[in-house]
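Chemist: please work out how this folds:
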Amino acid sequence: MFKSENLKELPAALIKLQADLKPIHKDTDGARGKYASLTTVMSVVRPILEKHGFSLVQTTMGQGHGAALQTVLMYSNGEYISSTIDVPVAKPNDPQAYGSALTYGRRYSIMALLGLVTEDDDAQSATTTLEDRCADIFSAQTLEDLRTADIKHSTAAALTKTEKWTIRACVKAMSESLGQSA
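Modeler: Numbering: from 1, shown residues only. Now for the predicted structure:
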C-alpha cells in the first residue's frame, strides 16, 4: 500500500464514509455464481464518496501476461491511500480477455480498499414479498437511499415480470416524490 506522507484527516473521514456504506447487492449472473457488477459497485459507491469528499482513480500498466492495477482513494485535502494488484489475463493477446480481467480487478480492488462486502441474499430474495419490497422503496429518505433500494429489489432473484413492473412503478413514484421535495 502506498499513502500520502501525512494522514491527519483521511482516517477519521474514512470511518465516516464506511459508516454510510452498506453491503452491495449481487446483481449479475456469472459462470461461477452471482456477483456485484462494476456498474453496481460504482453506482452505490460514487455518491457516498462524493458526499464525504473522496474520489477514486484507477490506472493500469501492462506487464507480460496481465496488468498492474493501481486504485487510489483520494481525500479532498490531498491525502490518499492506494493499493496495487497484479491482474493476470488468460489470453494475453485478446483485448476482450484483457478488458474482462481489468473489470474484475477494478471491482475487487475498490471493494477491498473501501472494506466493502456483497450481500448473499438468495434465501431472503425468495421470501421477501412484493409488499415488503415496495415498502422498503417508499421508506427511502434520499435519492441515494432510493437508488440503493432500487438495485436491491429490481435485481432480486426469481422476480416475475409483473413484480419487476410493480417495483419499477414504485421506484418511479418515489423518485418523483423525492425530486419534488428536494
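
Chemist: just give me the residue right at the centre of this structure.
Modeler: residue 41 (1.5 Å; C-alpha atoms, centre = their mean).

Chemist: flag every buried residue along the helix or strand containing that residue.
Modeler: Under DSSP states H and E, the secondary-structure element containing residue 41 is helix 38-51. Neighbour-count burial for helix 38-51, with 16 or more other C-beta atoms under 10 Å as criterion, is recorded at 38, 40-41, 43-45, 47-49. C-beta coordinates here come from the backbone N, C-alpha and C atoms, glycine included.

Chemist: list the contacts of the helix or strand encompassing residue 72.
Modeler: Element membership of residue 72, judged by DSSP H and E, is strand 66-75. Applying C-beta atoms under 8 Å, 6 or more residues apart in numbering, the contact partners of strand 66-75 are 9-10, 13-14, 53-61, 80-89, 92, 98, 101-102, 105-106, 109-110, 113-114.

Chemist: so which of those residues are in helices?
Modeler: Secondary structure assignment (DSSP state H) places 10, 13-14, 98, 101-102, 105-106, 109-110, 113-114 from the contacts of strand 66-75 within helices.

Chemist: state the mean pLDDT of the helix holding residue 41.
Modeler: With pLDDT averaged residue by residue, helix 38-51 scores 94.

Chemist: quick one: the strands in the protein?
Modeler: Along the chain, counting by DSSP state E, strands occupy 2-3, 24-25, 28-30, 33-35, 54-63, 66-75, 80-88, 118-119.

Chemist: most tightly surrounded among those strands?
Modeler: With neighbours defined by mean count of other C-beta atoms under 10 Å, none of these is more surrounded on average than strand 24-25, at a mean of 24.

Chemist: what lines up beside it in the sheet?
Modeler: For strand 24-25, sheet partners with direction are given as strand 118-119 (parallel), following DSSP bridges.

Chemist: okay, how far is it across stretch 16-26, tip to tip?
Modeler: Between the opening and closing residues of stretch 16-26 we find a distance of 24 Å, counting by C-alpha to C-alpha, to the nearest Å.

Chemist: which positions within it qualify as buried?
Modeler: When burial is assessed from 16+ other C-beta under 10 Å, stretch 16-26 yields the following buried residues: 17, 21, 24-26.
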